[in-house]
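In: give me coordinates for this.
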Amino acid sequence: MKKKILSGMRPTGKLHLGHLAGALDNWVRLQEEYDCFFMVADWHALMSEYENTQAMPEYMIDNVVDWLAAGIDPEKSTLFIQSQVPEHLELQMIFSCLVPLGWLERCPTYKEQLREVKTRDLNTYGFLGYPVLQAADILLYKAERVPVGEDQLPHLELAREIGRRFNSLYKK
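Out: Now for the predicted structure:
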């Protein structure tokens, strides 16, 4: 049985060469070796783009069309829209009840974004809880590999901690 991979992109704009070189070329290679789940991460996009959602449906379609054009094969990989799978938010809610705020507030990406992004109000629970949703995404599919950018590495470690905490509290 192939190992599972989960990765996704937030539909916050049209894709560009950076997406191709940084993620899509890798995704195309990975689908030959792994059981891949590639998601349109619209809930994640909403966490920072909640004030500007008008173009998101168009970006979702454009992004998936670009994935297909780049070589993502629906016969080899599962493509889906995050918000169409209610279990993502259900598990995120469960995790939200047991994740200490300090874990989230220490996340370097969160602190960096609050300092640097001045065009949007990111002082929201949703933005603070971004890594909790990411943990729910990963653990829902029992993904063994999660290709992400370097800025997301602390989120992966937090996902491990959330999984450990959940299992220590509830696994019998």
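In: low-confidence ranges, the chain, go.
Out: Along the chain, segments meeting pLDDT under 70 span 172.
In: ranges for the helices of it?
Out: Remark: helices assigned in the chain by DSSP state H are 17-19, 25-33, 42-49, 56-70, 87-96, 101-105, 108-116, 125-128, 130-140, 153-170.
In: next, format these as JSON lines and append mean neighbour count and distance to Phe80.
Out: (Glycine included, C-beta is placed from N, CA and C.) Below are these laid out as JSON lines (neighbours: other CB atoms under 10 Å; distance: least, CB to CB, whole Å):
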{"stretch": "helix 17-19", "mean neighbour count": "12", "distance to Phe80": "18"}
{"stretch": "helix 25-33", "mean neighbour count": "16", "distance to Phe80": "14"}
{"stretch": "helix 42-49", "mean neighbour count": "20", "distance to Phe80": "10"}
{"stretch": "helix 56-70", "mean neighbour count": "16", "distance to Phe80": "10"}
{"stretch": "helix 87-96", "mean neighbour count": "16", "distance to Phe80": "10"}
{"stretch": "helix 101-105", "mean neighbour count": "12", "distance to Phe80": "26"}
{"stretch": "helix 108-116", "mean neighbour count": "13", "distance to Phe80": "24"}
{"stretch": "helix 125-128", "mean neighbour count": "15", "distance to Phe80": "21"}
{"stretch": "helix 130-140", "mean neighbour count": "23", "distance to Phe80": "11"}
{"stretch": "helix 153-170", "mean neighbour count": "15", "distance to Phe80": "19"}
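In: and the ones you listed as TSV, adding distance to Lys4?
Out: As requested, the helices of the chain are exported to TSV (distance: least, CB to CB, whole Å):
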stretch	distance to Lys4
helix 17-19	22
helix 25-33	11
helix 42-49	19
helix 56-70	18
helix 87-96	15
helix 101-105	25
helix 108-116	24
helix 125-128	27
helix 130-140	10
helix 153-170	14
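In: which one of those helices lies closest to Arg10?
Out: Among these, helix 42-49 comes nearest to Arg10, with 3.9 Å by CB to CB.
In: now do that closest one: which elements does it pack against?
Out: helix 56-70, helix 125-128, helix 130-140 (3 or more CB pairs under 8 Å, 6 or more residues apart in numbering; DSSP states H and E).
In: the ones you listed: which one's closest to Ala159?
Out: helix 130-140 (3.8 Å).
In: what sits up against the closest one?
Out: 6, 8, 39, 41, 43-44, 47, 82, 85, 87-89, 91-92, 94-96, 99, 104, 107, 110, 146, 152, 154-156, 158-159, 162-163, 166 (CB atoms under 8 Å, 6 or more residues apart in numbering).
In: quick revisit: quick one: the helices and strands packed on helix 42-49 as JSON lines, columns for distance to Ser77 too.
Out: Formatted as JSON lines, the helices and strands packed on helix 42-49 follow (distance: least, CB to CB, whole Å):
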{"stretch": "helix 56-70", "distance to Ser77": "9"}
{"stretch": "helix 125-128", "distance to Ser77": "28"}
{"stretch": "helix 130-140", "distance to Ser77": "16"}
